[in-house]
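Student: the sequence isn't on hand, but the structure is:
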Ligand SMILES: NC(=O)C1=CN([C@@H]2O[C@H](COP(=O)(O)OP(=O)(O)OC[C@H]3O[C@@H](n4cnc5c(N)ncnc54)[C@H](OP(=O)(O)O)[C@@H]3O)[C@@H](O)[C@H]2O)C=CC1
Ligand SMILES: Nc1nc2c(c(=O)[nH]1)N=C([C@H](O)[C@@H](O)CO)CN2
């Protein structure tokens, strides 16, 4: 029996696609969800364990860590996918936006990686692969005009990739996947979608499958760690 893979924020979009794909490969998958308005039944029917968790504060993060440590002795991987794309542009309380961005994108991965490292190392000490994957963002290295705290928090997460890769080597690989526009949101206007086409060399919004392929590549590698895998359609050259 394989050890479980944790995917935070796995009830929709990229996290959901990864969870269904990895469950189909035979991994036990544990996803976290924050709000109840998701189709969890389809995930549960696929054999995926769904755990309610909110990483907006330290108590929520530490409660989740304790729950996982109670239920499991080994972990195959942790995929830190949970995220909120919050703008600062019209924020009434920028302090709250900053804290929210850094809690989910940096503090949660930081505390979970330390809190659950024993389970990853136990997996590796059996001679099996163990991985941490941080979902970051192209804007971590470019900055953003409308999502400043978001971009800064994703940059912090990319830096944690470098530190944890060293901290957990050679037993656990730690990498980032840094997408640019992978998927549109339902509310994105036609004008926004058209404008997006000019921002990358390749057609934008390839869909969640592009992220799933990147996760598969990293999980199956034996020589990639401390890397930031850009999925940006050549945006950095535009
Ligand atoms: N989509 C894209 O084009 C791009 C995505 N990325 C990154 O890739 C990853 C996946 O993107 P995408 O699928 O669009 O992500 P989503 O915006 O769909 O968010 C994924 C999940 O994160 C959960 N979440 C948000 N905040 C919290 C929190 N405080 N505690 C716990 N869970 C939380 C949400 O739960 P709930 O719905 O229950 O609130 C949501 O279901 C993200 O890290 C994102 O930043 C980077 C660049 C481009
Ligand atoms: N948590 C999320 N992060 C991001 C999203 C999203 O929908 N949820 N979307 C983007 C955009 O696609 C952006 O890359 C467009 O330039 C960024 N991050």
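Tutor: Sure, I can see it. Just so we're clear, the structure is a prediction, and the values are computed from it rather than from any experiment. Numbers count the residues shown, from 1 in each chain. Ligands and ions are numbered 1, 2, ... in the order given.

Student: would you mind naming what in this structure lies close to ligand 1?
Tutor: With the criterion set to C-beta under 6 Å from any ligand atom, the chain comes near ligand 1 through 9, 11-15, 33-35, 53-56, 81-85, 104, 135, 137, 179, 181-183. C-beta: built from backbone N, CA, C; applies to glycine.

Student: now with 5 Å, please.
Tutor: Remark: the part of the chain in contact with ligand 1 comprises 9, 11-14, 33-35, 54-56, 81-84, 104, 135, 137, 179, 181-183, using C-beta under 5 Å from any ligand atom.

Student: now these: which count as buried?
Tutor: 9, 11, 13-14, 33-34, 54-56, 81-84, 104, 135, 137, 179, 181-183 (16 or more other C-beta atoms under 10 Å).

Student: of those, which belong to strands?
Tutor: Residues from those lying in strands, with DSSP state E as the criterion: 33, 135, 179.

Student: neighbours around the nearest residue in space to the last one that is not next to it in sequence, how many?
Tutor: Looking back up the chat, that one is residue 179. With C-beta to C-beta, 6 or more residues apart in numbering as the criterion, residue 179 has its nearest non-adjacent residue at 4.3 Å, and that residue is residue 231. Burial of residue 231, expressed as a neighbour count using other C-beta atoms under 10 Å, amounts to 17.

Student: what about residue 195, distance to residue 233?
Tutor: Note on residue 195: its distance to residue 233, by C-beta to C-beta, to the nearest Å, is 14 Å.

Student: between those two, point out the one with more neighbours.
Tutor: Shown here are residue 195 and residue 233; by other C-beta under 10 Å, residue 233 has more neighbours (24 against 12).

Student: I believe the more buried one is in a helix; please confirm or correct that.
Tutor: No. The assignment for residue 233, made by DSSP: H, G, I helix; E, B strand; the rest coil, is coil rather than a helix.

Student: that one reaches residue 200, doesn't it?
Tutor: Yes. Contact status for residue 233 versus residue 200: in contact at 3.5 Å, counting by C-beta atoms under 8 Å.
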